[in-house]
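>>> Attaching a predicted model along with its sequence, questions to come.
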Amino acid sequence: MQKRMGEAVARVARKVNETVENKTDSLADLANCKLMTFPVGIYKAMRSVTEGIHRISLANNELKSITSRFISTFSQLRELNLSGNYLHRLPEEVTSLLHLQAINLSRNRFRRFPEPLAAVPTLETIDLEENEI
């Protein structure tokens, strides 16, 4: 168990370092890392490039929530993939993602439509398949 956790943390660190070093616009593959929360250390490690991040994939982790800090840090997001987690709500701050065009929330635990998304004017695609709605 600890070995798998260590491998997951190392994978996250590698992906973050690649993004920072290459100055890419995505943190595209933090999928399948067994993350229960978004690691606080990533905020510091990515401080210099967060404005340029337009795509993040946190698919198939074990996230139960997304924090307002995550939303405010990655305010330039255009695509966010949160499929395959344990989410049941989104923070109100999602309304501040003024560039968000697509969000994948499939295979989570939503029981109703996440209302904050209705206030995101640029949103074109919302995937809520396989939820409890």
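Thanks, I have the structure now.
>>> quick one: Q101 and I126 touch, right?
No: Q101 is beyond contact range of I126, at 10.3 Å (criterion: C-beta atoms under 8 Å). (Each C-beta comes from the backbone N, C-alpha and C, glycine too.)
>>> tell me the contacts of the spatially most central residue of the chain?
Centroid check for the chain by C-alpha atoms, centre = their mean gives L58 as the closest residue, at 4.9 Å. Neighbour list for L58: L30, A31, L35, F38, L80, N81, L82, N85 [criterion: C-beta atoms under 8 Å, 6 or more residues apart in numbering].
>>> Greatest separation within those residues: which pair is it?
Of all pairs drawn from the contacts of L58, the greatest distance, 14.4 Å, lies between L35 and L80 (C-beta to C-beta).
>>> who's more crowded, these two?
L80 (24 against 19; other C-beta atoms under 10 Å).
>>> So that one: helix, strand or coil?
Following DSSP: H, G, I helix; E, B strand; the rest coil, the label given to L80 is strand.
>>> hey, what's it bridged with?
Judged by DSSP bridges, the bridge partners of L80 are I56, I103.
>>> so how far is R14 from it?
L80 is 21 Å from R14, where distance means C-beta to C-beta, to the nearest Å.
>>> Could you measure from Q76 over to E130?
Distance, Q76 to E130, by C-beta to C-beta: 28 Å.
>>> S72 - that's part of a strand, no?
No: looking at S72 with three-state DSSP, it is helix, so not inside a strand.
>>> confidence score at it?
For S72, the pLDDT comes out at 91.
>>> likewise K3?
K3 is given a pLDDT of 52.
>>> Next: L30.
So, for L30, pLDDT stands at 79.
>>> With T24 instead?
Listed pLDDT for T24 reads 69.
>>> With only the CA atoms kept, save stretch 81-97 in PDB.
The C-alpha trace of stretch 81-97 is given here as PDB (Å, rounded to 0.1, in the frame of the first residue of the first chain):
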ATOM      1  CA  ASN A  81     -11.500  16.500 -16.400                       C
ATOM      2  CA  LEU A  82     -12.700  15.300 -13.000                       C
ATOM      3  CA  SER A  83     -14.300  12.000 -14.200                       C
ATOM      4  CA  GLY A  84     -14.100   8.900 -12.100                       C
ATOM      5  CA  ASN A  85     -13.900  10.400  -8.600                       C
ATOM      6  CA  TYR A  86     -16.200  10.700  -5.600                       C
ATOM      7  CA  LEU A  87     -17.400  14.300  -6.100                       C
ATOM      8  CA  HIS A  88     -20.900  15.200  -5.100                       C
ATOM      9  CA  ARG A  89     -20.700  19.000  -5.300                       C
ATOM     10  CA  LEU A  90     -18.500  21.900  -6.700                       C
ATOM     11  CA  PRO A  91     -17.500  25.000  -4.800                       C
ATOM     12  CA  GLU A  92     -19.300  28.200  -5.600                       C
ATOM     13  CA  GLU A  93     -16.000  29.700  -6.900                       C
ATOM     14  CA  VAL A  94     -16.400  27.600 -10.100                       C
ATOM     15  CA  THR A  95     -18.400  30.600 -11.300                       C
ATOM     16  CA  SER A  96     -15.100  32.500 -11.500                       C
ATOM     17  CA  LEU A  97     -13.700  30.200 -14.200                       C
END
